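>>> Can you look at this prediction? I've put the sequence above it.
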Amino acid sequence: MTASTPSDGAEKRTGGLFRGFREILIIIVIAIVVAFVIRTFFFRAFLIPSGSMEDTLQVNDRIFVNLLVDSEEQLERGDVVVFEDQHGWLPPVESDPNAFYQAMEFIGLYPSTSEQHLVKRIIGMSGDHITVNDDSGNLVVNGTEIDEPYLYPGVEGSDINFDVTVPEGKLWMMGDNRSASGDSRSHMDGPNGGFVNVDQVVGRAEIVAWPLNRWGSAGSNNEPFDQVPEP
């Protein structure tokens, strides 16, 4: 029978600690890879920075966006979508110097602050004619006046008069808090005439994930447009 020495016990403990550390490291790497794959191909988290979509989305809501829904065939009027700001709708912002949060955002473990993205509702698609009823303030899409239940309480369909026809491959986007939304109406004199190219769409907002007391749908609602005829 061979007696063990104190050094044998120390080596065993050291080996056990090393194996435990290695296993934890492997789990962390797998979690990062899975998060990156999900963020790149399936879902991406965004942080809501403003009140332009109230009461549907609140400031500091964390939402998950379905990246698989991003083409004109998959999108519908009434969808809430996130899209890239390619036409200067947002003012220039300084980049966040915190490298840690930037890295976490890149791999999908921290929500995007939406500094180069906007979230709005699709009101018009290719060929749609959109205007405003002067008497009611409601929107009129392809000759049909619509009632929008998701609007911020007390606001009209639009406090800005406009009359547009959406070109092919483009979208007309508006916030739910119409009096506080710098949307398509505010950029009619700018690049692209206030329209958003379909290829700017990142995906459809699906879920409010945080805070927990607001967990649920991100607010897409196609019913107000059910009676709207095709252009």
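Done, it's in. Numbers count the residues shown, from 1 in each chain.

>>> any idea how far the residue nearest the centre of the chain is from Ser220?
Nearest to the mean C-alpha position of the chain, by Cα atoms, centre = their mean, lies Val82 at 3.7 Å. From Val82 across to Ser220, the span is 12 Å (Cβ to Cβ, to the nearest Å). For every residue, glycine as well, the C-beta is placed using N, CA and C.

>>> Asp135 too?
29 Å.

>>> The two: which has the busier surroundings?
The residue with more neighbours, out of Asp135 and Ser220, is Ser220; 20 against 7, by other Cβ atoms under 10 Å.

>>> longest strand of the chain?
strand 201-210 (DSSP state E).

>>> which helices and strands does that one pack with?
If you count contacts as 3 or more Cβ pairs under 8 Å, 6 or more residues apart in numbering; DSSP states H and E, strand 201-210 packs onto strand 43-47, strand 62-66, strand 80-84, strand 216-217.

>>> Tell me the strands beside it, with direction?
In the sheet, strand 201-210 lines up against strand 62-66 (antiparallel), strand 80-84 (antiparallel), strand 216-217 (antiparallel) (DSSP bridges).

>>> anything in contact with each of Val82 and Ser220?
Counting by Cβ atoms under 8 Å, 6 or more residues apart in numbering, the residues touching both Val82 and Ser220 are Ala205.

>>> returning to that earlier point: state the distance from the residue nearest to the centre of the chain to Asn138.
For Val82 relative to Asn138 (Cβ to Cβ), the value is 26 Å.
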